[in-house]
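Novice: Could you work out the structure for the sequence below:
(one chain, ligands or ions: 1)
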Amino acid sequence: MSDPTAGGLENLLSEDRRFPPSAEFVAQANATADLYAWANADRPAFWAEQARELISWSTPFEQTLDWSQAPVARWFADGTLNAAYNAVDRHVEAGRGDRVALHFEGEAGDTRTITYADLQREVSKTANALASLGVGTGDRVAIYLPLIPEAVFTMLACARIGAPHSVVFGGFSAEALHSRILDAEAKVVVTADGGFRRGAPSALKPAVDEALDKGAPSVQHVLVVQRTQQEVSWTEGRDVWWSDVVDPASDQHTPVDVEAEHPLFILYTSGTTGKPKGIFHTTGGYLTQAAYTHLNVFDLKPETDVYWCTADIGWITGHTYVVYGPLVNGATQVIYEGTPDTPHRGRWWEIIAKYGVTILYTAPTAIRTCMKWGEEIPAQFDLSSLRVLGSVGEPINPEAWMWYRRVIGGDKAPIVDTWWQTETGAIMISPLPGVTETKPGSAQVPLPGVAADVVDDEAHSVPNGSGGYLVLTEPWPAMLRGIWGDQQRYKDTYWSRFQNLYFAGDGAKKDDDGDIWLLGRVDDVMNVSGHRLSTTEIESALVSHPWVAEAAVVGANDETTGQAVVAFVILRGDAGASQTPADEVQAELRNHVAKEIGPIAKPRQVLVVQELPKTRSGKIMRRLLRDVAEHRQVGDATTLADSSVMDLIAQGLSTPQSD
Ligand code: PRX
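Specialist: Here you go, the predicted model:
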């Protein structure tokens, strides 16, 4: 584990720019400062009040929190509800059926406007179709789709039936999809012929075919949306077209009441070992915190705001802040299928101007990319509708924060830098836009109802001005309930580092005001463009190539993506690599990782070395490799079994650029 307090962090504490909310903003803000005191006085009662206020229950709950089985929490456990009813039907019943739920913008310029009444019909049809394919309450459904309306329909259709969904990001490989289908024992896979990416159709169905060819006995059907009209291969009896089963299905469907602790979804995320973890979330507590945070952190006014979160549904941000939070709150939102630079680098800003987006939620990596492209691009569009800006996924450096505020937010929209994780289910640490005086680069304060701290190695709370490990000290409603099929791993990963404290895996620092600054992961997890990747998983992918004898992977600082994957490999002497030019070896191995895991995991560099730095017990010292990858003087190497290894590595390095 690396030392979160080491190196170059002092400058964070010298940040003295402050941005108090404007009087106009304060006057209309949803969240007020008294929320903190109220929540602190009785945290469970505070959450119970949110659950009653924001969520419709079929059976009202009496019990708020049961922590007797810690670390597995039960929230609102004797209540029953349905997530899709909360996200859709109740808005229609309340006479808001004509409100736009989704403004869909396809990459190719096709659009679709879906009201809450439309959404109710589409979700009901999808639920009936899934039921006709054999999906019942408790069955798992894998979703491997681009960001198109059918993805939202399918997630909510699963919720309607009480069938936990497992969304797999469309950029993941057949191999990654296969392991996730197997682990969750999915009964149905919902996919599309493809999606549009950078101006061209890209295929999805072949990856599903390849995954199922590897063997997946639980899968009975593959439901295929026609999006790109590409040719697909077809397995009769197993594969069915969306248009054949969903389009003709009845648009009447009764949502299934489930207990508050019924699993809503599984979402796989990278851990410190090679095997991704199936994080699972349940219904009542998750929905409560999703709705509460969405309403207060973004100051949502459902009647007037147009909200846009740029995340894909393949990530937790897409679950909580594209699907459940906004829809439970009855928001109008934009969803966009494509990349920010298609067909031109102003596409996002054009979308904001077109729909009058008022709240934008995106990742620092996107902001840094736009900074690189130049501020004259957003300057061509009217962004004056924006009134709240959000950031998520990785630390936002103060320069990017300032640019975001000035160029995108017109120097007036408050920025909320939101810290949370797949595991936490919803935002945990963030300013409140009408309350907090914001600071560029800091996520600042735990939300009302959330208890977080920064502790040292012995679990003691560190004083202001010091660094340590971020922990959560009290259970929260949207917390994960475990790792699918492996509760021991849940305990080991999050609850064994410190007794009775949830260990987030992040280093953090408290500044002189007690505000929290996130400093990145302290475990073997990398954060590339706000996406979590495991060093071990990429190492396993590399050694599965016949040319590779050994591999070590590190996350090196990268100006745009936050971190980038840098791999060090030892080649097998006897394999084909020795006859292949060095740049071809590197290209081959980079592509191999992309194929095994997905393009997001493709190393920026693959460095061929003769040896790897190891301790006497055989553990690779990634810290030293990170020094090399970041072109720094190599740190203390005295614990190496062979201290000449680092010299060997430094001498033999060639550093080809990534594409
Ligand atoms: O390291 C932290 C970083 O992202 C990790 C969680 O990744 P994931 O589960 O994929 O969820 C990302 C979206 C919620 C965290 O452990 N992280 C997330 N938000 C921030 C952040 N680091 C710094 N500042 C943030 N605002």
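
Novice: Where does pLDDT dip in the chain?
Specialist: For the chain, the stretches with pLDDT under 70 are 1-14, 274, 651-659.

Novice: please redo it, this time with the cut-off set to 50
Specialist: Along the chain, segments meeting pLDDT under 50 span 1-8, 654-659.

Novice: Would you mind listing what in it touches the ligand?
Specialist: By the rule Cβ under 6 Å from any ligand atom, the part of the chain lying against the ligand is 269, 316-317, 392-395, 417-422, 443, 504-506, 518, 521, 527, 532. No exception for glycine: its C-beta is placed from N, CA and C like everyone else's.

Novice: again, 5 Å this time
Specialist: Contact residues, the chain versus the ligand (Cβ under 5 Å from any ligand atom): 317, 393-395, 419-422, 443, 506, 518, 532.

Novice: Report the closest residue of the stretch 101-250 of the chain relative to the ligand.
Specialist: Proximity of the stretch 101-250 of the chain to the ligand (Cβ to the nearest ligand atom) peaks at residue 169, 10.5 Å away.

Novice: Run through the residues that contact that residue.
Specialist: Shown in contact with residue 169 (Cβ atoms under 8 Å, 6 or more residues apart in numbering): 312, 314-315, 598.

Novice: any idea whether the residue lying closest to residue 112 once chain neighbours are set aside is helix, strand or coil?
Specialist: Distance criterion Cβ to Cβ, 6 or more residues apart in numbering; nearest residue to residue 112, sequence neighbours excluded, is residue 104 at 4.2 Å. Here residue 104 is recorded as strand under DSSP: H, G, I helix; E, B strand; the rest coil.

Novice: correct me, but residue 104 touches residue 119?
Specialist: No: the pair residue 104 / residue 119 is not scored as a contact, 11.3 Å apart, by Cβ atoms under 8 Å.

Novice: The two: which is more packed in?
Specialist: With neighbours defined as other Cβ atoms under 10 Å, residue 104 and residue 119 compare such that residue 119 has more, 26 against 20.

Novice: coming back round to it: ok, now how distant is the residue of the stretch 101-250 of the chain closest to the ligand from residue 390?
Specialist: Distance of residue 169 to residue 390, given as Cβ to Cβ, to the nearest Å: 20 Å.

Novice: about what we covered before: for the residue of the stretch 101-250 of the chain closest to the ligand, give me the backbone phi and psi.
Specialist: Dihedral pair for residue 169: phi -50, psi 130, per degrees, to the nearest 10.

Novice: Can you give me the buried ones in stretch 137-146?
Specialist: 139-146 (16 or more other Cβ atoms under 10 Å).

Novice: Narrow those to those in strands?
Specialist: Members of the buried residues of stretch 137-146 lying in strands (criterion: DSSP state E): 141-144.

Novice: And the helices in the stretch 251-400 of the chain, which stretches?
Specialist: With helices called from DSSP state H, counting those that start in this stretch, the stretch 251-400 of the chain shows them at 284-297, 316-318, 325-328, 347-355, 364-373, 398-403.

Novice: Could you find the closest non-adjacent residue to residue 538?
Specialist: According to Cβ to Cβ, 6+ apart, the nearest residue to residue 538 is residue 553 (4.6 Å).

Novice: Now do the contacts for that neighbour.
Specialist: With contacts defined as Cβ under 8 Å, 6+ apart, the neighbours of residue 553 are 526, 535-536, 538-539, 542, 565-568, 603, 622.

Novice: now swap in residue 18 and tell me
Specialist: Residue 18 makes contacts with 437-439, as judged by Cβ under 8 Å, 6+ apart.

Novice: Now the stretch 251-400 of the chain against the ligand: closest residue?
Specialist: Taking Cβ to the nearest ligand atom, the stretch 251-400 of the chain has residue 395 as its residue nearest the ligand, at 4.0 Å.
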